[in-house]
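Q: Below: sequence and its predicted model.
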Amino acid sequence: MRLVKWLVAACLMLGVGQAQAVLITLNQTKLLAGSQLEILVEAPSSQAEAPTLKLPASWQAHFKLIEKTHWVEARPRGDYMHRWSLVLQHLQADSISRQLSLAPLKVNGQNSQPLLLNLVAVRKKPTPSKQRIKQPLEMQQQVDFTDAYVGQTLVYELLIRYQGFPIEPRLSQLEVEGATARQLGEGREQGFKQQGVHIQEARWQELLQLHKTDVTIAPRFFSSRLVFTGQSTGQLYETQTPELKVKVRPIPASWPAEQPWLPALGVNLEAAFLPKPKQLKQDEPLELQIHLDVVGQQARNLPQFKSLVSDNWRIEPLIEELSDRVVDGLLVGSLKQRFLLYPRQAGRLQLPNLTLHWWDVSKHQAAKTQVNLGQLSVLPKGNLNPSAVNKLDSTIAEPMDKKIEAQTNKGWLGWLLIILGSLTVAAACFFALKGQQKSLDLPPLNPNQ
């Protein structure tokens with residue numbers, strides 16, 4: 001078991017690379033706005049004295065250092081590993097959900113990787129409009145935002161609470177001017193007790209795609225006979241909701257006409273190679289997966305990366321997946337795309353960048369999310385010599401050239417050890433990665449679609 005752990009650690013060390021002198025590790029990748037973040041900082045040094053560690057100005061704009069602990073470890077090679085445990089307090093408790101990208105941390109002039117963190121807003125539930133409703137029947141309708149933009153998608157909810165057993169229930173249809181509605185699932189119902197009285201609660205949700213600057217949701221009507229214990233026919237009850245208006249802003253005049261219009265609360269764009277390459281030869285395929293999450297939009301409205309072009313790579317689309325889910329009362333549209341990239345030539349080739357322009361509906365300003373895929377070294381056709389591989393970008397695992405070259409003068413026994421060691425490392429990496437649990441997606445909005 002210890003051997004497997006060491007081999008897994010060796011695989012992870014390949015991904016870090018030798019050029020990263022300072023390493024920071026977060027205790028979580030998603031942070032609730034206004035809460036605390038713990039960070040482990042590791043930096044090697046030839047001196048036992050503690051190096052200078054200071055938070056960058058960009059960190060201090062978002063966090064306050066409330067605790068710092070330092071310890072040092074002497075290593076067999078004669079140098080020292082310095083470690084700090086930092087506890088940071090996030091200063092913006094009212095922040096929206098967004099990705100935070102801050103400058104690298106410096107220790108004695110050496111840089112760490114940038115601080116990448118997903119902030120999660122403290123979501124306040126919308127307050128239903130107060131209305132006089134006949135008991136024991138009441139009904140409410142609401143949307144998650146009453147101030148929005150054309151093209152934005154809202155989550156509409158209808159709530160009905162009643163007592164007794166309903167007979168011949170009648171509910172008017174949803175009528176919206178200036179928007180298109182799409183039902184989310186088939187609704188759900190649950191019961192609870194309030195002051196000793198049993199109450200049933202039914203909820204329906206729909207998506208509203210805003211098309212015009214004047215959006216009005218018409219009143220809803222509901223009637224039913226409610227039969228209570230000891231009754232045979234029951235009594236007829238009726239209720240209705242008031243009209244609901246949404247303030248809808250037009251597309252800003254400053255928005256570039258050549259860019260697709262995408263209003264949203266937040267965007268998260270990620271890209272990864274499957275599997276992560278160590279070396280690549282000309283005309284061999286490289287698989288790229290792109291994952292885009294947009295808060296406040298349906299997946300069907302998301303722009304797709306179909307127009308990826310590059311002089312260095314021939315790009316072929318494989319598959320794309322669209323899904324919608326509700327997280328903390330907010331709609332999240334997701335797009336997953338996979339591509340095959342074929343290098344057209346050998347050498348150090350630039351990969352195409354991924355760029356998404358969108359409109360931040362909370363800040364009322366244009367925003368841009370970009371992923372830089374960097375560069376990749378490609379071997380010529382038929383080149384099987386690993387020592388010919390140049391050092392790759394920090395985002396690509398580096399091949400162990402020096403280790404392989406050091407074993408070549410030991411005859412057939414040395415080659416056998418190299419092959420067995422490579423197979424052992426590969427098997428350990430495979431089973432370690434296979435054992436990791438995938439993050440569970442929320443169920444689809446409409447399981448019947």
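A: Great, that's in hand. Numbers count the residues shown, from 1 in each chain.

Q: count of neighbours near the closest residue to Gln345 other than its chain neighbours?
A: Nearest residue to Gln345 in three dimensions, chain neighbours excluded: Gln282, at 6.4 Å (Cβ to Cβ, 6 or more residues apart in numbering). Placement of C-beta: from N, CA and C, glycine included. Residues lying near Gln282 (other Cβ atoms under 10 Å) number 17.

Q: Quick check: Gln282 vs Pro343, distance?
A: 5 Å (Cβ to Cβ, to the nearest Å).

Q: Give me the common contacts of these two.
A: Common contacts of Gln282 and Pro343, defined by Cβ atoms under 8 Å, 6 or more residues apart in numbering, comprise Val378.

Q: so what's Leu115 up against?
A: 24, 26, 59, 100-105.

Q: can I get those in JSON lines with pLDDT, neighbour count and secondary structure?
A: JSON lines is the format used below for those (pLDDT from 0 to 100; neighbours: other Cβ atoms under 10 Å; DSSP: H, G, I helix; E, B strand; the rest coil):
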{"residue": "Ile24", "pLDDT": "90", "neighbour count": "19", "secondary structure": "strand"}
{"residue": "Leu26", "pLDDT": "89", "neighbour count": "14", "secondary structure": "strand"}
{"residue": "Trp59", "pLDDT": "90", "neighbour count": "18", "secondary structure": "helix"}
{"residue": "Leu100", "pLDDT": "87", "neighbour count": "16", "secondary structure": "strand"}
{"residue": "Ser101", "pLDDT": "88", "neighbour count": "11", "secondary structure": "strand"}
{"residue": "Leu102", "pLDDT": "88", "neighbour count": "18", "secondary structure": "strand"}
{"residue": "Ala103", "pLDDT": "88", "neighbour count": "14", "secondary structure": "coil"}
{"residue": "Pro104", "pLDDT": "90", "neighbour count": "16", "secondary structure": "coil"}
{"residue": "Leu105", "pLDDT": "89", "neighbour count": "24", "secondary structure": "coil"}
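
Q: how close does the residue nearest to Gln345 sit to Leu376?
A: Using Cβ to Cβ, Gln282 is found at 12 Å from Leu376.

Q: repeat for Lys193
A: Distance of Lys193 to Leu376, given as Cβ to Cβ: 63 Å.

Q: more crowded one of those two?
A: Set side by side, Lys193 and Leu376 show more neighbours around Leu376, with 24 against 8, by other Cβ under 10 Å.

Q: what helix or strand is the more buried one on?
A: strand 375-379 (DSSP states H and E).

Q: Can you tell me the strand partners of that strand and which way each runs?
A: Sheet pairing for strand 375-379, assigned by DSSP bridges, gives strand 280-281 (parallel), strand 347-350 (antiparallel).

Q: Now do it: distance to the chain's middle.
A: Strand 375-379 sits 28 Å away from the centroid of its parent chain (Cα atoms, centre = their mean, to the nearest Å).

Q: Export it to CSV, keeping only CA atoms.
A: Extracted as CSV, the C-alpha positions of strand 375-379 are listed here (Å, rounded to 0.1, in the frame of the first residue of the first chain):
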residue,chain,number,x,y,z
GLN,A,375,2.3,25.5,-25.8
LEU,A,376,3.1,21.9,-26.4
SER,A,377,6.2,20.2,-27.8
VAL,A,378,5.6,17.8,-30.7
LEU,A,379,8.0,15.1,-31.9
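
Q: for Glu206, what are its contacts?
A: So Glu206 contacts 155-156, 174, 181-184 (Cβ under 8 Å, 6+ apart).

Q: same thing but 7 Å
A: Shown in contact with Glu206 (Cβ atoms under 7 Å, 6 or more residues apart in numbering): 156, 174, 181-184.

Q: cool, Ser172 as well?
A: Listed by Cβ under 7 Å, 6+ apart, the contact partners of Ser172 are 220-221.

Q: roughly how far apart are it and Leu158?
A: Distance, Ser172 to Leu158, by Cβ to Cβ: 10 Å.

Q: joint contacts of these two?
A: Residues within reach of Ser172 and of Leu158 at once, by Cβ under 7 Å, 6+ apart, are Arg220.

Q: Paired strands for the helix or strand that contains Glu201, with orientation please.
A: Of the helices and strands defined by DSSP H and E, Glu201 is found in strand 197-210. Strand partners for strand 197-210, identified by DSSP bridges, are recorded as strand 153-162 (antiparallel), strand 179-194 (antiparallel).

Q: Can you mark which positions in the shortest one are buried?
A: Meaning strand 153-162. Buried residues in strand 153-162, counting neighbours by 16 or more other Cβ atoms under 10 Å, are found at 153-158, 160-162.

Q: Could you point out which of those residues is nearest to Leu356?
A: Proximity of those to Leu356 (Cβ to Cβ) peaks at Thr153, which lies at 16.9 Å.

Q: isn't the closest one right next to Ala299, touching?
A: No: look at Thr153 against Ala299 with Cβ atoms under 7 Å: they stay out of range, at 10.0 Å.

Q: Fine by me, we can end here.
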